[in-house]
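Visitor: Provided below are the primary sequence and the corresponding predicted coordinates.
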Amino acid sequence: MQPETTYTIGIDFGSDSVRSLVVDTKDGATVATAVVTYPRWKQGLYCDPRRNQYRQHPLDYLESLEQCIREALQACGPEVAARICGISFDTTASTPVLTDATGTPLSLLPEFAEHPDAMFILWKDHTALAEADEINALSKRWEIDYTRYSGGSYSCEWAWAKMLHVLRHAPELREKAYSWVEHCDWMAGVLTGNTRPETMPRSRCVAGHKAMWHETWGGLPAASFFEAVDPLYNLFRGHLYTRTSTADECVGHLTEEWARRLGLRAGIAIGIGAIDCHFGAVGAGIRPGTLVKVMGTSTCDIAVATYDEIGDKAVRGICGQVDGSVLPGLVGLEAGQSAFGDIYAWFRRMLAWPLPQLCPERSDLEGEILNRLTEEAQKLPVTEEDPVALDWHNGRRTPDLDPRMRGAIEGLTLGTSAPAVFKALVEATAFGSRAINERFREEGVSIDEVIAIGGIARKSPFVMQTMADIAGMKIRVLDSDQACALGAAMFASVVSGVHPDIATAQQVMKPGFSAEYTPDPQRQAIYDKLYARYQSFGQSQKNS
C-alpha cells in the first residue's frame, strides 16, 4: 500500500501582504496558493514616511491570514485540506510590538486600537535612531559587548531600540505594557494558544539576529545593561525569555478555535518560524559555501558556516551570526542592503512626478518608465568614465551599519541621460552586493556560489547580468517565486514528522533553477575599476 500523501502549509508574511502555499511533501510541488494584502496597511494608516514611521495593525495579520488560508484551501479542495499535517511561517523582522501580561499586543486593547506606538513596528521603521545610538555607545563601555555577534552594531530597525522609543514617545502605554514580542513569535503563540510572555515559544532566528540573544551570555543581554541605557527597560525585567527554538522544532499544535477559523483540523503541528529571508534561503537549498540573495525592495544576504569555519570569530559589520538560525547544526549569517528595488522605484517616481498633472488620462505611464529605462540602459557601453552612485538612499545596513548614510551620485555632466543615471543606480546596488561578498570572504566565510531569489531576480535580466559582471561570479536564479513560503513548508514537514530533518526536506522538496548569469570578462574588468571609484566615493561621503 502506498503511504498516504501529506501536505504542509507555508505562510509568508511580507511587508505588504501575506501568502499561503500548500505543498506536497513528497516533491515540494505547489498544490494551491493565495495572497491577501493587509487592508489597513494598503490605506497607509498609522504610517508617516516623512518620519520613517511604518506601523502595522495586528488585525491586518490575523484577518489576512484567515482569508489567505481559506482561499488556498478552497483552491485545493477538501481532500487535500484533510491531509495537511503542519504549518510554519516566516515574517519580516525586526517587527516587534508591546504586549500586556497576556501577550496581547496593546493595539488590540480598545483604548489603544488606533495608537501607532501600540502596533507592530515594521522592519524598515527608522524612528529609533537615537535609542540605537545609546545602545551602541553603552555596548562599547560595558564589560560585555553585546553587539559582538551582531556585526559590532545594533540597528534602529531592531526590537530593543524600537521598544524604548515607543515607551519614551508614548508614556500612556506604560501602564499596560508588560513585555514585547516579535511578529514571528506571536503568530506561533496565537495558533498554539500560548501567548503568555514567559512561556510563549521564541524563534532562535529572530532572537539572535535582532535581540542580541546568544548562548555565551545566557540568552538575552543582562537586564542591568538595558536599565543602564534607560530605567524604562525595567518594565520588561522577568517578562521575557531565555530559551529559544530552532525552526525544526514543533512548538505546539493548532487550537480548536483557529482550526475553525482557518478551515483545518485541530492538532496540526506548528513550527516556530523565522525571518522571511532565512526561510527563503532554506527554500533555495542553502548549504555551506552558498550565498542566497533575496532581492526585493531591499536585500537580505544569507550564508551558513560550519562551527570549524567560524570558530570563535565574530564576523565584522554584518547583521549577525546565530547558531541554528538558518539550518540547525550550522551558524547562520545575515547581511543585506537597506534599499535595492526601492532605489529603482524612487527614480521612477522622480521621473513620473508631473505625469498625473500633465497626462491624467494615462495612468499607465508610470508603470512603463522602468521598462523603457531598462531597454535603453542595457544598450549603453560600460566605460571607466561612467557616473558612479552610492546605494545608501535608506542608510547602509551592511557592511558596517550606518543608517545615517545617504545616497549620492558623482560624474554627472550636461550630457548624462536618464538611462545613464538609471544604469548607475543599478550598478550601485550591485556594488553594494559585492561589498557584502567581499566582507564575508575577508572574514573567512566561503562564498563559492550565489543563488538569487525574489521578484527582481526573476523579472530583470538586466539587473542580474549587471550583478554577475560586478560580482565576478555566476548567479543562478531559483525557479520559484515563493521561496520563503516554500522554506516554511519544508520546515512544516519536519515539525510534523514527515521528513526526519531539514536536509532531507530540502533534497526532496527544492525546485530547480530558471536562469543562470555568467560574468562577461570585458565588462568585469571595467567594473573592477568602477567599483574602486564606488569605494573611494563612499569613503569620501562618510568622512564629509
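Guide: That came through fine.
Visitor: which residues sit against the helix or strand of the chain with the lowest mean pLDDT?
Guide: Lowest on mean pLDDT, DSSP states H and E among the helices and strands of the chain sits helix 355-358, with a mean of 88. Applying CB atoms under 8 Å, 6 or more residues apart in numbering, the set of residues contacting helix 355-358 from outside is 362-363, 365-366. For glycine as for every other residue, the C-beta is placed from the backbone atoms N, C-alpha and C.
Visitor: Could the C-alpha coordinates of it be exported in PDB?
Guide: Listed next in PDB are the C-alpha coordinates belonging to helix 355-358 (Å, rounded to 0.1, in the frame of the first residue of the first chain):
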ATOM      1  CA  LEU A 355       2.600  62.900 -15.100                       C
ATOM      2  CA  PRO A 356      -0.700  63.000 -13.100                       C
ATOM      3  CA  GLN A 357      -1.000  66.700 -13.800                       C
ATOM      4  CA  LEU A 358       0.100  66.600 -17.500                       C
END
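Visitor: now it: how far from the chain's centre is it?
Guide: In terms of CA atoms, centre = their mean, to the nearest Å, the centre of helix 355-358 is found 35 Å from the chain centre.
Visitor: what does stretch 196-214 give?
Guide: 16 Å.
Visitor: Relative to residue 103, which of the contacts of helix 355-358 is nearest.
Guide: Distance to residue 103, by CB to CB, is smallest for residue 366 among those, at 42.8 Å.
Visitor: can I assume that closest one is in contact with residue 352?
Guide: Yes: with contact defined as CB atoms under 8 Å, residue 366 counts as touching residue 352 (4.1 Å).
Visitor: and the spatially closest residue to residue 209 that is not a sequence neighbour, how many neighbours?
Guide: Leaving aside its sequence neighbours, residue 209 sits nearest to residue 320 (CB to CB, 6 or more residues apart in numbering; 4.0 Å). Neighbourhood size, residue 320 [other CB atoms under 10 Å]: 26.
Visitor: And for residue 105?
Guide: Residues within reach of residue 105, counting by other CB under 10 Å, total 24.
Visitor: Repeat that for the one 10 residues further on.
Guide: Under the neighbour criterion other CB under 10 Å, residue 115 is assigned a count of 18.
Visitor: So it versus residue 239, what's the distance?
Guide: Here the criterion is CB to CB, to the nearest Å. By it, residue 115 lies 20 Å from residue 239.
Visitor: do residue 371 as well
Guide: 51 Å.
Visitor: neighbour-wise, which of those two wins?
Guide: Using other CB under 10 Å, the more surrounded residue of residue 371 and residue 239 is residue 239, with 16 against 10.
Visitor: So residue 56 is in contact with residue 38, correct?
Guide: Yes: Residue 56 is within contact range of residue 38, at 6.5 Å (criterion: CB under 8 Å).
Visitor: Looking at these two, which one has more neighbours?
Guide: Neighbour count, other CB under 10 Å: between residue 56 and residue 38, residue 56 has more, with 27 against 21.
Visitor: Leaving out chain neighbours, which residue sits closest to the more buried one?
Guide: Closest residue to residue 56 apart from its sequence neighbours, by CB to CB, 6+ apart: residue 120 at 4.7 Å.
Visitor: Count the residues that sit near that neighbour.
Guide: Close neighbours of residue 120, defined as other CB under 10 Å, add up to 27.
Visitor: measure residue 257 to residue 359 for me?
Guide: Counting by CB to CB - residue 257 and residue 359 are separated by 51 Å.
Visitor: Residue 6 now?
Guide: Relative to residue 359, and taking CB to CB, residue 6 is found at 54 Å.
Visitor: Residue 418: neighbour count?
Guide: For residue 418, the count of nearby residues is 15 (other CB under 10 Å).
Visitor: There's contact between it and residue 352 in this structure, I believe.
Guide: No: assessed by CB under 8 Å, residue 418 is found out of contact with residue 352, at 11.5 Å.
Visitor: how about residue 426, what does it touch?
Guide: Under the criterion of CB under 8 Å, 6+ apart, the neighbours of residue 426 are 344, 377, 462-463, 466.
Visitor: I misspoke; the intended subject was residue 398.
Guide: If you count contacts by CB under 8 Å, 6+ apart, residue 398 has them with 151, 301, 317-319, 335-337, 436, 439.
Visitor: could the residues you listed be laid out in JSON lines, adding pLDDT and distance to residue 271?
Guide: Converted to JSON lines, the contacts of residue 398 look like this (pLDDT from 0 to 100; distance: CB to CB, whole Å):
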{"residue": "151", "pLDDT": "91", "distance to residue 271": "27"}
{"residue": "301", "pLDDT": "97", "distance to residue 271": "24"}
{"residue": "317", "pLDDT": "92", "distance to residue 271": "31"}
{"residue": "318", "pLDDT": "92", "distance to residue 271": "26"}
{"residue": "319", "pLDDT": "89", "distance to residue 271": "22"}
{"residue": "335", "pLDDT": "96", "distance to residue 271": "25"}
{"residue": "336", "pLDDT": "94", "distance to residue 271": "24"}
{"residue": "337", "pLDDT": "95", "distance to residue 271": "28"}
{"residue": "436", "pLDDT": "97", "distance to residue 271": "28"}
{"residue": "439", "pLDDT": "96", "distance to residue 271": "31"}
